[in-house]
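J.: 3D, please:
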Amino acid sequence: MDETGYQRSRELTRVRQIFAPELILRLHVMLYASREHVPENLKRALELANIFADSMYKLYDDFLHLDGRRLGEHLDAVRRARIVGLEGGGSDPFKIIPS
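T.: As a prediction, the model looks like this:
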């Protein structure tokens with residue numbers, strides 16, 4: 001890879017580190033907040049958490065850039081969605097998990 005290609009790769013990585021966490025958090029919050037109007041959105045929010053954790057995309061790496069603060073925000077949002085899912089699913093903790 002030449003110097004221009006290396007510089008471009010670094011720039012794209014930086015853009016991803018800046019925008020991916022914000023977009024993922026906003027999408028999760030929007031899906032979670034709209035769950036009462038569109039009940040499937042809770043399931044979609046949890047599907048997003050699975051995509052986030054997928055090693056193919058490595059989105060979690062982008063959350064570690066700012067001392068892991070964004071990662072903590074994301075995990076807290078996922079925790080809240082799981083709790084609501086458990087409350088709605090009764091005693092079956094896997095009922096809300098997307099199939």
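J.: Buried ones in the longest helix seen in the chain, by neighbour count?
T.: Using DSSP state H, we find that the single longest helix of the chain is helix 3-33. Residues of helix 3-33 classed as buried by neighbour count (16 or more other CB atoms under 10 Å): 16-17, 20-21, 24-25, 28, 31-32. Yep, even glycine has a C-beta here, placed from its N, CA and C like the rest.
J.: Repeat that for stretch 51-67.
T.: For stretch 51-67, by 16+ other CB under 10 Å, it's 52, 59-60, 62-63, 65.
J.: Contacts for that stretch next, please.
T.: Here stretch 51-67 makes contact (CB atoms under 8 Å, 6 or more residues apart in numbering) with 16-17, 20-21, 24, 70-71, 74.
J.: Apply 6 Å and report the result again.
T.: With contacts defined as CB atoms under 6 Å, 6 or more residues apart in numbering, stretch 51-67 is touched by 16-17, 20-21, 70-71, 74.
J.: As TSV, those with distance to Arg8 and pLDDT would be great.
T.: Formatted as TSV, those follow (distance: CB to CB, whole Å; pLDDT from 0 to 100):
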residue	distance to Arg8	pLDDT
Arg16	13	91
Gln17	15	90
Ala20	17	92
Pro21	21	93
Arg70	24	86
Leu71	26	89
His74	28	93
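J.: As a markdown table, the residues you listed with distance to Tyr6 would be great.
T.: What follows is the contacts of stretch 51-67, written out as a markdown table (distance: CB to CB, whole Å):
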| residue | distance to Tyr6 |
| --- | --- |
| Arg16 | 16 |
| Gln17 | 17 |
| Ala20 | 21 |
| Pro21 | 24 |
| Arg70 | 26 |
| Leu71 | 27 |
| His74 | 30 |
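J.: List just the nearest of those residues to Val38.
T.: Nearest to Val38 among these, counting by CB to CB, is His74 at 21.3 Å.
J.: picking up where we left off before, among the buried residues of stretch 51-67, which one has the lowest pLDDT?
T.: Ranked by pLDDT, those bottom out at His65, which has 76.
J.: do you know how far that residue is from Ala45?
T.: 23 Å (CB to CB, to the nearest Å).
J.: Thank you kindly, that will do.
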